[in-house]
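Undergrad: Please work out how this folds:
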Amino acid sequence: MKNLIATNINEIEAMSVKNSNGETFYAKPVIPWEDASTCSAAFIEIPVGKSSYSHHWHERSEEIFYIINGEGKLRTFHGDKNVKAGDIICFPSGEKGVHSITNTSSENPLIYIDFATKPKTDIAILPDTNQAMIYGNHVSETILDMPKK
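TA: Just a heads-up that it's a prediction; the model follows:
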């Protein structure tokens with residue numbers, strides 16, 4: 001980080017984000033991406049019945065989710081897992097860290113904090129769409145179709 005950050009969640013403006021299925025969820029970045037040097041943190045809010053980021057894994061970045069509110073279904077390398085407020089999930093880099101999360105509540109948003117390491121350049125693999133996303137400090141976000149196996 002370039003500067004100390006001391007703020008309140010209610011002072012962070014929510015950004016509307018669309019996943020690859022066209023579903024909208026909301027992110028409140030605690031550390032603006034351009035200011036993050038080695039780690040990032042964001043509050044993620046998923047509406048009822050929707051998902052956040054598409055199913056993916058990172059070549060270099062590790063992530064930790066802390067579920068604050070609601071309940072959901074976490075899709076992982078080891079299968080599906082139900083999650084709820086108070087749960088902490090740690091995702092390693094690489095294929096075994098593949099993940100996506102869906103809000104399964106009938107009335108409440110699913111809210112979690114997403115903590116992540118921030119390498120200078122990373123590649124996120126999206127196995128459901130056979131695509132890769134390259135992004136980083138000196139790279140514009142680029143989505144590539146991967147060759148079929």
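
Undergrad: what pLDDT does the nearest residue to Met15 once chain neighbours are set aside get?
TA: By the measure of C-beta to C-beta, 6 or more residues apart in numbering, the closest residue to Met15 outside its immediate chain neighbours is Ala27, 5.0 Å from it. The way it works is simple: take the backbone N, C-alpha and C, and place the C-beta from them, glycine included. Ala27 carries a pLDDT value of 96.

Undergrad: partners of whichever helix or strand Ala27 is part of, with directions?
TA: Per DSSP states H and E: Ala27 is located in strand 24-29. Paired strands of strand 24-29, with direction, are strand 15-18 (antiparallel), strand 39-46 (antiparallel) (DSSP bridges).

Undergrad: Would you convert the ones you listed into CSV that also reports mean pLDDT?
TA: Formatted as CSV, those follow (pLDDT from 0 to 100):
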stretch, mean pLDDT
strand 15-18, 94
strand 39-46, 95
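
Undergrad: And those strands: which comes nearest Ile9?
TA: strand 39-46 (6.0 Å; C-beta to C-beta).

Undergrad: Using PDB, write out every CA atom in that closest one.
TA: Backbone C-alpha positions of strand 39-46 (Å, rounded to 0.1, in the frame of the first residue of the first chain) are rendered in PDB as follows:
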ATOM      1  CA  CYS A  39      -2.200  -7.700  -0.900                       C
ATOM      2  CA  SER A  40      -5.800  -6.600  -1.500                       C
ATOM      3  CA  ALA A  41      -9.000  -6.700   0.400                       C
ATOM      4  CA  ALA A  42     -12.600  -6.200  -0.600                       C
ATOM      5  CA  PHE A  43     -16.100  -6.700   0.800                       C
ATOM      6  CA  ILE A  44     -18.200  -8.700  -1.600                       C
ATOM      7  CA  GLU A  45     -22.000  -8.700  -1.500                       C
ATOM      8  CA  ILE A  46     -23.900 -11.300  -3.500                       C
END
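
Undergrad: next SSE after it?
TA: Sequence-wise, the next helix or strand downstream of strand 39-46 (DSSP H and E) is strand 57-58.

Undergrad: OK, contacts around the closest residue to Pro47 other than its chain neighbours?
TA: Using C-beta to C-beta, 6+ apart and skipping residues adjacent in sequence, the residue nearest Pro47 is Pro109, 5.9 Å away. Counting by C-beta atoms under 8 Å, 6 or more residues apart in numbering, Pro109 touches Glu45, Ile46, Pro47, Val48, Asn69, Gly70, Asn103.
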